[in-house]
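Asks: model this:
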Amino acid sequence: MTAVTAARPVRAARPRHLAGTGTLLRLALRRDRLMIPAWVLALGLTVAAMGAAFEAVYDTAAQRAGLAASMNHNGSMRALYGPVFSDSVGGLVAWRMAGFGAVLAAVMSLLIVVRHTREEEETGRQELLSAAMVGRRAPLTAALLTALIANSLLAALIAGGTALSGRPAAGSLALGLAIGGTGTLFTGLAAIAVQLTESARLAKGLTGAVLGLAFALRAAGDAATADATSPLTWLSPIGWSENLRPYAGERWWILLLFLAATALAGSAAYALTAHRDLGMSFLPARPGPALAPRSLSGPFGLAWRLQRTTLLGWTTGFLCAGAVFGGIAEGASDLVGGNQQTREIVERMGGQQGLTDAFLATMAGLLGMVAPLYAAGAVLRLRGEETGERAEPVLAGAVGRLRWAGSHLVIAYGGTAVILASGGLALGLAHGLSVDDLGGQLGPVLAAALSQVPAVWTLTGLAVLVFGLFPKAAPAVWALVGGCLAIGWLGPSLKFPPWAMNLSPYSHLPKLPGADATAAPFVWLLALSALFALLGLVGVRRRDIG
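Replies: Numbers count the residues shown, from 1 in each chain. Next comes the predicted model:
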């Protein structure tokens with residue numbers, strides 16, 4: 001009798017750790033009722049519609065076989081897109097979207113997990129919830145379940161949409177599980193990052209760094225081998241996604257890798273959360289000096305202190321990307337060989353100039369399309385300071401709203417120019433050294449990268465406009481940036497109509513280097529950016545803070 005009585009608290013203690021999970025899950029789903037459907041529908045419908053687009057562009061088996069041979073022939077393009085395992089329409093869809101979709105699913109997952117765990121702790125809301133009947137592991141469990149639901153819906157939409165569009169059911173299911181499985185794995189990795197870091201920003205940055213490493217390993221492995229058998233490819237979850245080989249003799253056993261890795265990551269996250277206090281982390285912030293430097297006496301110094309690490313990370317990433325792209329530009333002619341379809345894709349993305357210049361223009365444009373992700377984050381840091389109630393103490397002093405907002409915007413606009421200059425410099429140096437013409441290549445390539453600044457600043461101004469006039473809709477900025485990225489990434493190869501391409505500011509810029517350039521598009525985009533920013537600052541000045 002005594003043994004039974006003593007055992008009862010042990011059995012009762014376990015459910016208490018998960019008490020309130022259902023309530024927190026419903027709260028998380030309600031908070032994400034717009035974000036999750038937007039991510040799932042945008043990515044899922046894009047993948048589902050890709051088959052029809054490929055059928056329209058490559059309407060014969062010979063054309064598709066030529067495209068597959070051209071892509072597999074060159075290690076540079078395998079590094080960017082991965083190898084083509086099948087020249088069927090479904091195989092081309094998997095080639096184009098398995099890796100790209102896996103990266104986006106991972107980003108969606110890390111945003112969901114960090115939002116409902118570390119952000120809740122950072123703002124103090126989790127402490128209030130924990131004072132009620134909420135178990136120790138309930139917040140993490142609710143966040144993981146929310147991300148799992150999002151990835152399950154995404155996998156189901158991709159599988160069902162591609163199957164209904166005429167693709168084989170087995171390959172459609174494999175493609176959906178490959179993308180959804182990658183997102184689910186990064187759910188667990190994000191949960192680990194949340195335990196290690198002290199802030200939501202650092203948790204996102206750490207998980208993003210792991211994602212970048214996974215992409216780099218996959219790219220290096222695919223560049224080395226044409227059949228994705230490199231050990232580097234197998235070290236990357238994105239490599240697992242493409243090695244599942246939808247529509248090309250599916251390897252279902254690879255799903256066990258996703259399952260085992262996700263279970264291991266989730267178990268590690270649960271073990272870590274059981275050994276830390278609420279709000280604490282395993283990598284705590286180092287204490288600062290006893291006396292603050294003079295640079296922190298003004299709003300700009302504070303903004304710089306808050307954003308300098310992010311800017312350094314983006315600058316380093318653009319330097320590495322530029323060096324890689326510049327090193328492979330010389331092989332652009334070997335890439336296409338005699339395949340007219342591939343030549344047309346590269347020229348549509350980079351203009352009608354020489355093929356090498358078109359490839360460089362494409363890479364400069366790619367850097368430009370990624371740069372707004374940094375700019376949007378820098379602008380939305382203002383919203384984070386506002387909702388985190390850190391802006392009010394600053395504004396309670398002698399700092400006005402425009403000075404406070406302007407200090408962050410200087411870094412957002414100036415940082416954009418810095419990261420593009422670093423990417424263009426590395427791109428020009430690598431290409432110039434590879435062709436023994438550093439003096440003749442560095443200047444034009446650097447100018448091509450900097451020519452993207454007006455388009456990026458236009459999107460930056462749009463972010464300021466949304467933040468100033470519609471602060472509650474600030475997360476929609478990511479959808480706007482993602483839409484422009486999708487237009488630039490998919491539009492040229494899928495022959496989007498002109499009106500759709502013109503929705504992106506990048507479509508109005510000349511394709512440098514090599515194309516003729518006039519001042520008009522740059523002036524108009526800069527004017528539009530200034531107008532957006534001005535309207536946004538007017539909104540900041542007039543509306544309530546918080």
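Asks: could you list the low-confidence segments of the stretch 301-450 of the chain?
Replies: Applying pLDDT under 70 to the stretch 301-450 of the chain flags residues 329-355.
Asks: and for the chain?
Replies: Across the chain, the ranges flagged by pLDDT under 70 are 1-15, 74-76, 279, 285, 288, 329-355, 489-495.
Asks: please name the residues that touch Ala375.
Replies: Ala412, Tyr413, Gly415, Thr416, Val456, Trp457, Leu459, Thr460, Ala463 (C-beta atoms under 8 Å, 6 or more residues apart in numbering). C-beta coordinates here come from the backbone N, C-alpha and C atoms, glycine included.
Asks: quick check on these: which are buried?
Replies: The neighbour count (16 or more other C-beta atoms under 10 Å) marks Ala412, Tyr413, Gly415, Thr416, Val456, Trp457, Leu459, Thr460, Ala463 as buried among these.
Asks: now intersect those residues with the helices, please.
Replies: If you go by DSSP state H, these have Ala412, Tyr413, Gly415, Thr416, Val456, Trp457, Leu459, Thr460, Ala463 in helices.
Asks: going by distance to Ala174, which of those wins?
Replies: Nearest to Ala174 among those, counting by C-beta to C-beta, is Leu459 at 35.3 Å.
Asks: I'd guessed the closest one sits against Pro372; true?
Replies: Yes - judged on C-beta atoms under 8 Å, Leu459 makes contact with Pro372 at a distance of 4.4 Å.
Asks: what do those two both touch?
Replies: Common contacts of Leu459 and Pro372, defined by C-beta under 8 Å, 6+ apart, comprise Val481, Cys484.
Asks: could the ones in helices among the buried ones among the contacts of Ala375 be laid out in TSV, adding distance to Phe258?
Replies: Formatted as TSV, those follow (distance: C-beta to C-beta, whole Å):
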residue	distance to Phe258
Ala412	37
Tyr413	41
Gly415	36
Thr416	36
Val456	35
Trp457	40
Leu459	34
Thr460	37
Ala463	35
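Asks: Leu80: which of the residues you listed is nearest?
Replies: Closest approach between those and Leu80, by C-beta to C-beta: Val456, at 21.2 Å.
Asks: how much space between Tyr270 and Leu29?
Replies: Counting by C-beta to C-beta, to the nearest Å, the gap from Tyr270 to Leu29 is 21 Å.
Asks: what about the two, which has more around it?
Replies: Between Tyr270 and Leu29, counted using other C-beta atoms under 10 Å, Tyr270 has the larger neighbour count: 19 against 16.
Asks: need the contact list for the more buried one.
Replies: Residues in contact with Tyr270 (C-beta under 8 Å, 6+ apart) are Arg137, Leu140.
Asks: quickly find the element holding it.
Replies: Here Tyr270, judged by DSSP states H and E, is contained in helix 254-273.
Asks: buried stuff in that helix?
Replies: So for helix 254-273, counting by 16+ other C-beta under 10 Å, buried means Ile254, Leu255, Leu257, Phe258, Ala261, Thr262, Ala265, Gly266, Ala269, Tyr270, Leu272, Thr273.
Asks: go on, stretch 20-38?
Replies: Buried-residue list, stretch 20-38, by 16+ other C-beta under 10 Å: Gly20, Thr21, Leu24, Leu25, Ala28, Leu29, Asp32, Met35, Ile36, Ala38.
Asks: residue nearest the centroid of this structure?
Replies: Nearest residue to the geometric centre of the chain (C-alpha atoms, centre = their mean): Val107, 5.3 Å.
Asks: quick one: that one from Val113, how far?
Replies: According to C-beta to C-beta, Val107 stands 11 Å off from Val113.
Asks: one more: Arg125?
Replies: Taking C-beta to C-beta, one finds Arg125 at 16 Å from Val113.
Asks: repeat for Asp222
Replies: 28 Å.
Asks: repeat that for Met77.
Replies: 33 Å.
Asks: so for the two, which sits in the more crowded spot?
Replies: Between Met77 and Val113, counted using other C-beta under 10 Å, the more crowded position is Val113 (29 against 24).
Asks: now that one. Nearest residue, chain neighbours left out?
Replies: Ala190 (4.0 Å; C-beta to C-beta, 6 or more residues apart in numbering).
Asks: quick one: contacts of stretch 242-254?
Replies: Stretch 242-254 has contacts (C-beta under 8 Å, 6+ apart) with 82-83, 85-86, 88, 90-91, 93-95, 98-99, 167-168, 170-172, 174-175, 177-178, 218, 222, 228, 233-234, 240, 255.
Asks: give the buried subset of those residues as a ChimeraX selection command.
Replies: Per 16+ other C-beta under 10 Å, the buried members of the contacts of stretch 242-254 correspond to this ChimeraX selection:
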select :82,83,85,86,88,90,91,93,94,95,98,99,167,170,171,172,174,175,177,178,218,222,228,233,234,240,255
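Asks: so which of the contacts of stretch 242-254 are in helices?
Replies: Counted as lying in helices by DSSP H, out of those, are 90-91, 93-95, 98-99, 170-172, 174-175, 177-178, 218, 222, 233-234, 240, 255.
Asks: isn't Asp49 right up against Gly166?
Replies: Wrong residue type there; residue 49 is Ala, not Asp. No - counting by C-beta under 8 Å, Ala49 does not reach Gly166; the two are 11.9 Å apart.
Asks: okay, the two: which has more neighbours?
Replies: Shown here are Ala49 and Gly166; by other C-beta under 10 Å, Ala49 has more neighbours (16 against 12).
Asks: name the residues that touch the strand or helix carrying that one?
Replies: Taking DSSP H and E as the definition, Ala49 sits inside helix 35-57. Helix 35-57 is contacted from outside by 29, 64, 89-90, 92-93, 96-97, 101, 104-105, 108, 111-112, 146, 149-150, 153-154, 157-158, 160-162, 164-167, 175, 179, 341, 475, 479, 482, 486, 490, 493-495, using C-beta under 8 Å, 6+ apart.
Asks: of those, buried ones?
Replies: Buried members of those, scored by 16+ other C-beta under 10 Å, are 29, 64, 89-90, 92-93, 96-97, 101, 104-105, 108, 111-112, 146, 149-150, 153-154, 157-158, 160-162, 165, 167, 175, 179, 475, 482, 486, 490, 493-494.
Asks: which of those fall within strands?
Replies: Using DSSP state E, the subset of the buried ones among the contacts of helix 35-57 located in strands is empty.
Asks: quick one: which of those sit in helices?
Replies: Short answer: these in helices (DSSP H) are 29, 64, 89-90, 92-93, 96-97, 101, 104-105, 108, 111-112, 146, 149-150, 153-154, 157-158, 160-162, 175, 179, 482, 486, 490, 493-494.
Asks: measure how buried Arg118 is and give me the count.
Replies: As a burial measure, Arg118 scores 29 neighbours (other C-beta under 10 Å).
Asks: need the contact list for Leu509.
Replies: Leu509 makes contact with Ser451, Gln452, Pro454, Ala455, Pro521, Phe522, Leu525 under the criterion C-beta under 8 Å, 6+ apart.
Asks: take these and keep only those in helices.
Replies: Using DSSP H, those in helices are Pro454, Ala455, Pro521, Phe522, Leu525.
Asks: need the nearest residue in space to the last one, chain neighbours excluded.
Replies: In this structure, Leu525 finds its nearest non-sequential neighbour in Pro454, 3.8 Å apart by C-beta to C-beta, 6+ apart.
Asks: if we can go back for a sec, isn't the residue nearest to the centre of the chain up against Phe215?
Replies: No - here Val107 does not reach Phe215: they are 11.4 Å apart, not a contact under C-beta under 8 Å.
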